[in-house]
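> return a 3D structure for these sequence lines:
(one chain, ligands or ions: 1)
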Amino acid sequence: MDHVKQKLIEVGRPKAELLKRLIREKGDAVIQNVTLEQVISGMKGMVALLTDTSKLDPAEGIRFRGYSIPELREKLPKLHEGGEPLPEGLFYLMLVGEIPSETDVDFISKEWSRRAQGIPQHAFDVINALPKSAHPMIQFNTAILAMSTQSHFRKAYMDGMDKKDYWDPMYEGVMDLISRLPVIAAYIYRRVYHDEKYISPDPNLDWAGNLAHMMGFESEEVKRLMRLYMVLHADHEGGNVSAHATHLVGTALSNPYYSFSAGMNGLAGPLHGMANQEVMHWLQRLIKDIGTETPTEEQIREYTLNTLEQGRVIPGYGHAVLRKTDPRFTEQLNFANKYIPDAPLIQLVRKIYEVVPGILEATGKVKNPYPNVDAISGSLLYSYGIKEFGIYTMLFGVSRALGVLTSLIWDRMYGLPLERPTSHTLDWFIEKTDFVE
Ligand code: CMX
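Below you'll find the predicted structure:
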């Protein structure tokens, strides 16, 4: 058994016992009252899930196992002095709750590199069967489902495995799946945008560096950007659409491929991960309509108001939980300010940041007028030469696997049951609230 798995057992078994005791002794404790508005407005703020990997504070932003993003950038192992942390280290942290050593990170890098070689040929065949014009998220998700023929979990279930051991084949499947996503994503990228000129993985590279390499970007700068991107998008507690969908489907004991695929279908929505592509369309139209890459604040104001008047949202702004600027936006802006301060799109992003929050605030209804992670991520990728917007959500998906699949292992470690909330008709809500029509 590998040492990461061994560590997971040491940490996981006592916690699973603790949870059982907690339910036994405190199962009838009331933890929250729920209002009608909460139910109907997307269950915002309703406590409904157990997720250990990360926690989102509305005012402070995300913490991964208690560590803020600046703390992660300081403490997680890096390949180079002053470089970005390796996503492998964040995965370890989310999985076992401790900052990994360089040896741990090196082990995961090598393990993922080894497992990535096992992608079945039919995963590539199903991608090739789709038209190149199919959105990369369609191709990505189709390949994810196709790879589920190799599910350890399904096999172990059919073999009659004891349910307290479900986490084990889940771990194996998750390690396989995460290892293979960069290969699949790079394959789709090269297929759609680079005449099917594929680049083989380099077993000596780290997970994110290898993704950049297989996409055709050899510079250390792009690899550094890819490490940052993969760390920043990895997890955002349990209630966001991609995490919640992955978890929900997993509670039916669906294998990690089915579960993650559900999450990726959610990520492909424009209010969630696809917002990074929407932002680029919005910026592109803004530049075209105004006729310059350097519009004035007044021109941005007018353009923004015009978008709102058409009943559309300003992509990259707002959040269901956060009530301040997303620290993932700030980290990316800091990165851009350090390495590419004069890039035209970065200058535009900065200017928009000065104008849009005031306008959204003035509507009186937008609860968070500030930018989220998607307001800058595409501009950053674009400025480094990754200009094909269509793959931005897929890159988000590769990263999001780290968090949601780690949670899936923990769901089985905890033995969480089938999720099955109750629904009611409109008449029921009317009656329940003594509403007079
Ligand atoms: N532009 C215009 N209107 C916005 C807005 C924005 N950026 N953000 C919120 N609003 C509107 C909502 O549409 C809603 O309007 P109605 O009452 O007319 O329906 C109102 O303000 C209240 O919404 P809210 O409570 O502030 O926001 P929600 O929790 O309902 O939605 C989110 C959150 C992210 C879907 C929303 O802010 C949005 O649509 N933003 C733009 C899309 C985006 O950037 N999504 C990416 C989020 C991060 C991620 O998951 O990747």
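
> can you name the residue of the stretch 301-437 of the chain nearest to the ligand?
When scored by CB to the nearest ligand atom, the stretch 301-437 of the chain has Gly318 as its residue closest to the ligand, at 2.2 Å. Placement of C-beta: from N, CA and C, glycine included.

> ok, now which ones touch that residue?
By CB atoms under 8 Å, 6 or more residues apart in numbering, the contact list for Gly318 reads Leu360, Val366, Lys367, Asn368, Pro369, Tyr370, Asn372.

> please redo it, this time with the cut-off set to 6 Å
Applying CB atoms under 6 Å, 6 or more residues apart in numbering, we find Gly318 in contact with Val366, Asn368.

> for Gly97, see how far away it is.
Remark: distance between Gly318 and Gly97 (CB to CB, to the nearest Å) = 31 Å.

> quick check, pLDDT for the residue of the stretch 301-437 of the chain closest to the ligand.
Model confidence at Gly318, expressed as pLDDT, equals 98.

> now Pro270: how far from Arg114?
Separation of Pro270 from Arg114 (CB to CB): 37 Å.

> try Ser148
Taking CB to CB as the measure, Ser148 falls 20 Å from Arg114.

> likewise for Gln32?
Note on Gln32: its distance to Arg114, by CB to CB, is 45 Å.

> then Ser242?
Distance of Ser242 to Arg114, computed by CB to CB: 27 Å.

> these two: who's more crowded?
Between Ser242 and Arg114, counted using other CB atoms under 10 Å, the more crowded position is Ser242 (27 against 12).

> quick check, the more buried one in contact with Arg400.
Yes. Taking CB atoms under 6 Å as the definition, Ser242 is a contact partner of Arg400 at 5.3 Å.

> tell me which other helices or strands the helix or strand Glu302 falls within touches.
In this structure, Glu302 is located in helix 297-309 according to DSSP states H and E. Applying 3 or more CB pairs under 6 Å, 6 or more residues apart in numbering; DSSP states H and E, one finds that helix 297-309 contacts helix 344-362.

> next helix or strand past the helix it packs on?
The first helix or strand that comes after helix 344-362 along the chain, using DSSP H and E, is helix 374-383.

> which residues touch that following helix?
With CB under 6 Å, 6+ apart as the contact definition, helix 374-383 has outside contacts at 275-276, 279-280, 316, 329, 332-333, 336, 340, 343, 345, 349, 392.

> mind checking how far that helix is from the chain centre?
The offset between the C-alpha centroid of helix 374-383 and the centroid of the whole chain comes to 16 Å, using CA atoms, centre = their mean, to the nearest Å.

> can you give me the buried ones in it?
Going by neighbour count (16 or more other CB atoms under 10 Å), the buried part of helix 374-383 is Asp374, Ala375, Ile376, Ser377, Gly378, Ser379, Leu380, Leu381, Tyr382, Ser383.

> okay, the residues you listed in a markdown table with pLDDT next?
Putting the buried residues of helix 374-383 into a markdown table (pLDDT from 0 to 100) gives the following:
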| residue | pLDDT |
| --- | --- |
| Asp374 | 98 |
| Ala375 | 98 |
| Ile376 | 98 |
| Ser377 | 98 |
| Gly378 | 98 |
| Ser379 | 98 |
| Leu380 | 98 |
| Leu381 | 98 |
| Tyr382 | 98 |
| Ser383 | 98 |
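
> output these as TSV; include the columns distance to Gly82.
Output for those, formatted as TSV (distance: CB to CB, whole Å):
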residue	distance to Gly82
Asp374	27
Ala375	26
Ile376	21
Ser377	22
Gly378	25
Ser379	23
Leu380	18
Leu381	21
Tyr382	24
Ser383	20
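
> the ligand next: which of the residues you listed are close?
Taking CB under 6 Å from any ligand atom, the overlap between those and the neighbourhood of the ligand is Asp374.
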